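Participant: What would the 3D arrangement of this be:
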Amino acid sequence: MHDGSMRDLSDLHRPDAPASTAATSSALRALPPVHRLVDGDGARALLAEFPRPAVLGAIRAHLAAVRRQLRDGAAAAIPAFDEPAFFAIVRADLDRRRLAGLRRVVNATGIVLHTNLGRAPLAAEAVDAVAEAARGYANLEYDLESGRRGARDGAVEELLRELTGAEAALVVNNNAAAVLLALSGLAAGGEVVVSRGELVEIGGSFRIPDIVRQGGARLVEVGTTNKTRLADYEAAITADTRVLLKVHQSNYRIVGFTGAVPAEALAALVRNHDGAPAVVEDLGSGTLVDLRRFGLPYEPTVGDRLAAGIDLVTFSGDKLLGGPQAGVIVGCRDLVDRLRRHPLLRALRVDKMTLAALAATLRLHLDPERLVRAVPVLRMLAQDEAALRARAVRLRDETAAAAPGLAAHLRLDEGVSYAGGGSLPGTEIATVLIALSPPDGLSVDEIARRLRTSEPAVVGRIEAGCLLLDMRTVADDEVPEIARALAAAVVTAP
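Facilitator: Residues are numbered from 1 along each chain as shown. Below you'll find the predicted structure:
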């Protein structure tokens, strides 16, 4: 708890000469006891802001650190204990601890689905649904009509069926869990056939070969890294084949002399086999709308894949869908029912707040006219250059008004944003930036650090010695907050 806050304790006792045993003992005796510090003005001011156990703990810890320094001979020459300086250090530690953990962040990176910043921000309707579910009881597994136990994700399943055309649907805690459950429930003890070009690693620990093994199945690789043909799949199918698995490549791409088998071709292939294996596709981000309407590249929708004959499709709730972290499985009823009965499901199920947010987000997808305005991810991806430029001009002007000396260091620039989160890999989206060149005496790294530690935290990106703030991922009501943070970052001491 103290590694980051001990740096100033030596200021309380600066040695002017080598320490002596007598001086050390005298300095130790001069230290005030904890009870006197707690009864003083310094502690009373802290107790007005922080819980008493936290204040007591910080006082004891920092007083113990001073004693250790004295015993180590680091500060025996100081004549008196500096109480105001001591409490300043205690306050800094308490402030640091208060800010630890989850905090609100203004995302000015231009990466819409920034994994490290929590991916998709929720629509207002989803936030309201979470609050409603959290503040009291809810009919999570209770049928209000019959008064009997109901299905945990019944309402969400109904929405997913309507939006995708699936026979059935199931929700788990993320897409990795959805893939694991699908393989465990359908392929354990058998074989899973995967193209070598789709044996990807996502997020550092999600590796397709490992997931297949964890699901109790044997991996059968087909094709080559860059080319896989339908005949490769056909030759691999045996009596032990349980699943043909298609995997979204996320941020991994092979370009040039490449080839992959379309989903509909795999679906047609298995229809010609007795005891046909299931065709399962990990669609990754997953989208329910055609992104070409926003000027973005085509990304297969979940409905497209089911219409092509894929038996089960898995996808994320917190990416292009724009909802909470969740993994969604849609497809044939008999296969979904098998997964619903699998004992692993209980370990992967989601809580009432996730289901509330997901249901609210799915309801917005039923209203195409309202969808883009209401779902933040889609709104950010769909913004045109005029809206981005107007926001950039406003931020530049408000920052210059708050810190006139910064005006010469701010400029509007053009750049690119990214969908992020493995979505739309390689797609650059034109954007408008505010570029800040650091004033004399400040480095761009120091300005970025001060913004990250402001309230709220502001995170941009650094390129070519400038701090870039991308307007695509900044909301209109965040502009004044960024302006204040920028002004404070260049006028306050480190």
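
Participant: Low-confidence stretches in the stretch 151-300 of the chain?
Facilitator: For the stretch 151-300 of the chain, the stretches flagged by pLDDT under 70 are 203-204, 250-254, 256, 273-275.

Participant: That one: strands as residue ranges?
Facilitator: Secondary structure of the stretch 151-300 of the chain (DSSP state E, counting those that start in this stretch): strands at 168-172, 191-195, 201-202, 206-207, 218-222, 241-247, 278-282.

Participant: Output the ones you listed in JSON lines; the columns should cover mean neighbour count and distance to residue 472.
Facilitator: The way it works is simple: take the backbone N, C-alpha and C, and place the C-beta from them, glycine included. Shown next, in JSON lines, are these (neighbours: other CB atoms under 10 Å; distance: least, CB to CB, whole Å):
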{"stretch": "strand 168-172", "mean neighbour count": "24", "distance to residue 472": "29"}
{"stretch": "strand 191-195", "mean neighbour count": "25", "distance to residue 472": "34"}
{"stretch": "strand 201-202", "mean neighbour count": "16", "distance to residue 472": "24"}
{"stretch": "strand 206-207", "mean neighbour count": "16", "distance to residue 472": "27"}
{"stretch": "strand 218-222", "mean neighbour count": "18", "distance to residue 472": "39"}
{"stretch": "strand 241-247", "mean neighbour count": "25", "distance to residue 472": "29"}
{"stretch": "strand 278-282", "mean neighbour count": "27", "distance to residue 472": "28"}
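
Participant: wait, which of the ones you listed is closest to residue 152?
Facilitator: Nearest of those to residue 152, taken as CB to CB: strand 168-172 at 8.4 Å.

Participant: Dump that closest one to CSV, restricted to CA.
Facilitator: C-alpha atoms of strand 168-172 as CSV (Å, rounded to 0.1, in the frame of the first residue of the first chain):
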residue,chain,number,x,y,z
ALA,A,168,-32.9,-20.6,-29.9
ALA,A,169,-30.4,-18.5,-28.0
LEU,A,170,-28.2,-18.6,-24.9
VAL,A,171,-26.2,-16.0,-23.0
VAL,A,172,-22.9,-16.6,-21.1
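
Participant: Residues contacting that strand, please?
Facilitator: 153, 156-157, 160-161, 178, 181, 317, 326-333, 336-337, 339-340, 345, 348-350, 354-355, 358 (CB atoms under 8 Å, 6 or more residues apart in numbering).

Participant: What's the ChimeraX line that selects buried ones from these?
Facilitator: A single ChimeraX command selects the buried members of the contacts of strand 168-172 (16 or more other CB atoms under 10 Å):
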select :153,156,157,160,178,181,317,326,327,328,329,330,331,332,336,339,340,345,348,349,350,354,355,358
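
Participant: So which of the contacts of strand 168-172 are in strands?
Facilitator: Those of the contacts of strand 168-172 mapping onto strands are 327-331, per DSSP state E.

Participant: could those go into TSV alongside distance to residue 118?
Facilitator: Output for the ones in strands among the contacts of strand 168-172, formatted as TSV (distance: CB to CB, whole Å):
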residue	distance to residue 118
327	17
328	19
329	23
330	25
331	29
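
Participant: farthest-separated two in the residues you listed?
Facilitator: 327 and 331 (13.4 Å).

Participant: Overlap in contacts, those two.
Facilitator: The contact sets of residue 327 and residue 331 do not overlap (CB under 8 Å, 6+ apart).

Participant: how about the helices in the stretch 1-150 of the chain?
Facilitator: For the stretch 1-150 of the chain, the helices defined by DSSP state H, counting those that start in this stretch cover 21-30, 34-38, 41-47, 52-71, 83-99, 124-134.

Participant: now do the stretch 151-300 of the chain
Facilitator: For the stretch 151-300 of the chain, the helices defined by DSSP H, counting those that start in this stretch occupy 154-164, 175-187, 208-214, 230-236, 263-271.

Participant: Residue 400 is nearest to which of those helices?
Facilitator: Residue 400 lies closest, by CB to CB, to one member of those: helix 175-187, at 44.1 Å.

Participant: Give me the contacts around the closest one.
Facilitator: Counting by CB under 8 Å, 6+ apart, 170, 172, 192, 202-203, 206, 211-212, 214-217, 242-243, 245, 278, 280, 282, 284, 286, 312, 314-316, 327-329, 335, 338-339, 342, 344-345, 348 sit against helix 175-187.

Participant: mind showing which ranges of the stretch 351-494 of the chain have poor pLDDT?
Facilitator: Checking the stretch 351-494 of the chain against pLDDT under 70 turns up 492-494.

Participant: Strands along that one, start to end?
Facilitator: 410-417, 429-436, 457-459, 461-463, 466-470.

Participant: tilt between the first one and strand 429-436?
Facilitator: Yep, that's strand 410-417 we're talking about. Angle between the axes of strand 410-417 and strand 429-436 is 150 degrees (criterion: axes from the mean of the first three to the mean of the last three CA atoms, to 10 degrees).

Participant: in strand 410-417, what's buried?
Facilitator: For strand 410-417, a neighbour-count test (16+ other CB under 10 Å) marks 410, 415, 417 as buried.

Participant: which residue sits closest to the second one, ignoring its sequence neighbours?
Facilitator: It refers to residue 415. Nearest non-adjacent residue to residue 415, counting by CB to CB, 6 or more residues apart in numbering: residue 433, 4.6 Å away.

Participant: quick revisit: got CSV for the strands of the stretch 151-300 of the chain, with distance to residue 101 too?
Facilitator: Output for these, formatted as CSV (distance: least, CB to CB, whole Å):
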stretch, distance to residue 101
strand 168-172, 26
strand 191-195, 39
strand 201-202, 26
strand 206-207, 25
strand 218-222, 39
strand 241-247, 34
strand 278-282, 32
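
Participant: so which of those strands comes closest to residue 64?
Facilitator: Using CB to CB, the strands of the stretch 151-300 of the chain put strand 206-207 closest to residue 64, at 43.6 Å.
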